[in-house]
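Novice: Model the structure of this input:
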Amino acid sequence: MSKQYKRWMSESLKRALDKRRIVVISGERQCGKTTLSKQIELKDSIFRSLDDVTLLKAAIDDPKEFIKHSHGTMIIDEVQKAPQLLSAIKQTVDLDSRTGQFLLTGSADIKNLPQVSESLAGRIKNIRLRTLANGEILENEPKFIQMLFNNEFPAQIKGYNKTEILKIAFRGGYPEVVNFSDVDRKDWHLDYVDTLLTRDLKNIANIRRNTALQEQVKILTAWSSKFLDIPGMCSKLAIARTTFDSYVGVLEALYLFERVSPWSKTDYSGVGRKDKIFVTDTGIMASVLNWNFEEVRLNPERSGKIVETLVFKELSIQSDICGCHIYHYRDRENREIDFIIESSNGIIACIEVKSGSVVSKNDFKHIRWFKNNIAKNQNVISIILYSGEDTVSFGDGLWAVPIAALWS
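Specialist: Have a look, this model is predicted:
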């Protein structure tokens, strides 16, 4: 039995249940949604999993009867399997404004399912649960975003050189496999992806060319941290643009991939408009691409790709907690900033990622240009996350910060 970890989103979940009639925990299958829903102390809760065939049939045949309960919270696990329930739930909460009536979990993005026609706007709060952050595994608190906007980082963090960071990336964050051997973990990852594409997929889409979809998973995985080159990908897969777009939408709905939009709060005409694509778990990434650890460690391109994907995942978890959004920046002169996070009071954090342990002042050239030209009237935090141990100033508010600050 895998260890049960205290999840950083638990407090957000409790607050949501106090304020909203319906709360949805959404995220990858096996990321810990069911465990989290059971960990929350709810008085008079009823738990029903739609993985149970009998309960699933009952939910589909008579959704109004299935959701009846007079008090407490009804927890419905894997609600995407019976989208008919959502209409019945809407009718119920429209007649009863009591908060915390329903806690739903979903391994697919239910609001974008083709079978869902009901809008639950104003009634529902969505909590995104991702695979484990390294800080959750270490039982630390999520402090990085606060440190970032306060511009206050530990002077030194020992124990996390490039090799150790890559080990964290190869392990990934699925709770069940944290303590597996490398071989067993890879087998689990590959079985997991295969199950999603052969079983879970049918709950959200009618995909006829499953082989093409499997190939697209490999190509998108190899593209993680890069800008989407849709014409090039379509050509390589020999599929139409509309098919490619529908497949990407399905894979995003299953939470295998996620896009990062460009930061565009500017009148600068040269700003690019392409999204970046990321695998949501680096363990899946390493396994799908069949990467060898030592080869990746010595390959700057591959190590850079998986480390940037790891940083994206860690930043996303903490940004979800504080309600921040993550963007990237790229203009037509190929000036790029890996991540931009904006606080609620307008502070902008520019973050570059380096898998190596050496940083020079020249590595800040795109961030400096952005500060001086695009955000010259704003408070800008400027850091490079790298695999060294020391927080180092490069003057003018430019800092090299250990990647390990994300979880220490």
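Novice: Per-residue pLDDT of the residue lying farthest from the centre of the chain, please?
Specialist: What lies farthest from the middle of the chain is residue 70; by C-alpha atoms, centre = their mean that is 35.3 Å. On the pLDDT scale, residue 70 is placed at 81.
Novice: Give the burial count for residue 321, as a bare number.
Specialist: 16 (other C-beta atoms under 10 Å). (C-beta placed from N, C-alpha, C; glycine too.)
Novice: Equivalent analysis for residue 180, please.
Specialist: Residue 180, neighbours per other C-beta under 10 Å, totals 17.
Novice: With residue 264 instead?
Specialist: With other C-beta under 10 Å as criterion, residue 264 counts 12.
Novice: Next: the one 10 residues further on.
Specialist: Using other C-beta under 10 Å, the number of residues around residue 274 comes to 15.
Novice: one step back: for the residue farthest from the centre of the chain, phi and psi?
Specialist: phi -90, psi -20 (degrees, to the nearest 10).
Novice: do the same with residue 35
Specialist: phi -60, psi -40.
Novice: Residue 408 and residue 158 touch, don't they?
Specialist: No - if you go by C-beta atoms under 8 Å, residue 408 and residue 158 don't touch, sitting 9.6 Å apart.
Novice: Tell me which of those two has more neighbours.
Specialist: Comparing residue 408 with residue 158 by neighbour count (other C-beta under 10 Å), the higher total belongs to residue 408, at 19 against 10.
Novice: which residues touch the more buried one?
Specialist: Neighbouring residues of residue 408 by C-beta atoms under 8 Å, 6 or more residues apart in numbering: 135, 140, 154, 157, 160, 402.
Novice: ok, back up a step: residue 245 versus the residue farthest from the centre of the chain, what's the distance?
Specialist: 45 Å (C-beta to C-beta, to the nearest Å).
Novice: domains of the protein?
Specialist: Here the domain parsing of the chain from automatic domain parsing is 10-128, 134-406.
Novice: Tell me where the stretch 1-150 of the chain has helices.
Specialist: For the stretch 1-150 of the chain, applying DSSP state H, counting those that start in this stretch gives helices covering 10-19, 33-39, 53-61, 63-66, 84-95, 134-137, 144-150.
Novice: And those helices: which comes nearest residue 175?
Specialist: helix 33-39 (7.4 Å; C-beta to C-beta).
Novice: hang on, residue 337 is in a strand, isn't it?
Specialist: Yes - counting by DSSP: H, G, I helix; E, B strand; the rest coil, residue 337 is located in a strand.
Novice: Correct me if wrong: it contacts residue 352.
Specialist: Yes - using C-beta under 8 Å, residue 337 is in contact with residue 352, at 6.3 Å.
Novice: Strands of this protein, residue ranges please.
Specialist: With strands called from DSSP state E, the chain shows them at 22-26, 46-49, 74-77, 102-106, 124-128, 226-227, 257-260, 276-279, 325-330, 336-342, 348-353, 380-386, 392-393, 398-402.
Novice: what are the pairing partners of the second one, and which direction each?
Specialist: Translated: strand 46-49. strand 74-77 (parallel) (DSSP bridges).
Novice: next one: the strand it pairs with to chain centre, how far?
Specialist: Distance, stretch centre to chain centre, for strand 74-77: 23 Å (C-alpha atoms, centre = their mean, to the nearest Å).
Novice: so for that strand, what's the average pLDDT?
Specialist: 94.
Novice: contacting residues around it?
Specialist: 33-34, 37-38, 42, 45-51, 59, 67, 85, 101-105.
Novice: Now the buried members of those.
Specialist: 33-34, 37, 42, 45, 48, 50, 59, 67, 85, 101-105 (16 or more other C-beta atoms under 10 Å).
Novice: Would you point out the most distant pair within these?
Specialist: Using C-beta to C-beta, the pair of the buried ones among the contacts of strand 74-77 lying farthest apart is 42 and 59, separated by 20.2 Å.
Novice: Now residue 96. Nearest residue, chain neighbours left out?
Specialist: Closest residue in space to residue 96, ignoring its immediate chain neighbours: residue 21 at 7.8 Å, by C-beta to C-beta, 6 or more residues apart in numbering.
Novice: One more: residue 173?
Specialist: Nearest non-adjacent residue to residue 173 (C-beta to C-beta, 6+ apart): residue 131, at 3.3 Å.
Novice: Report the separation between the one you found and residue 325.
Specialist: Taken as C-beta to C-beta, the span from residue 131 to residue 325 is 20 Å.
Novice: Of these two, give the one with the bigger neighbour count.
Specialist: residue 131 (24 against 13).
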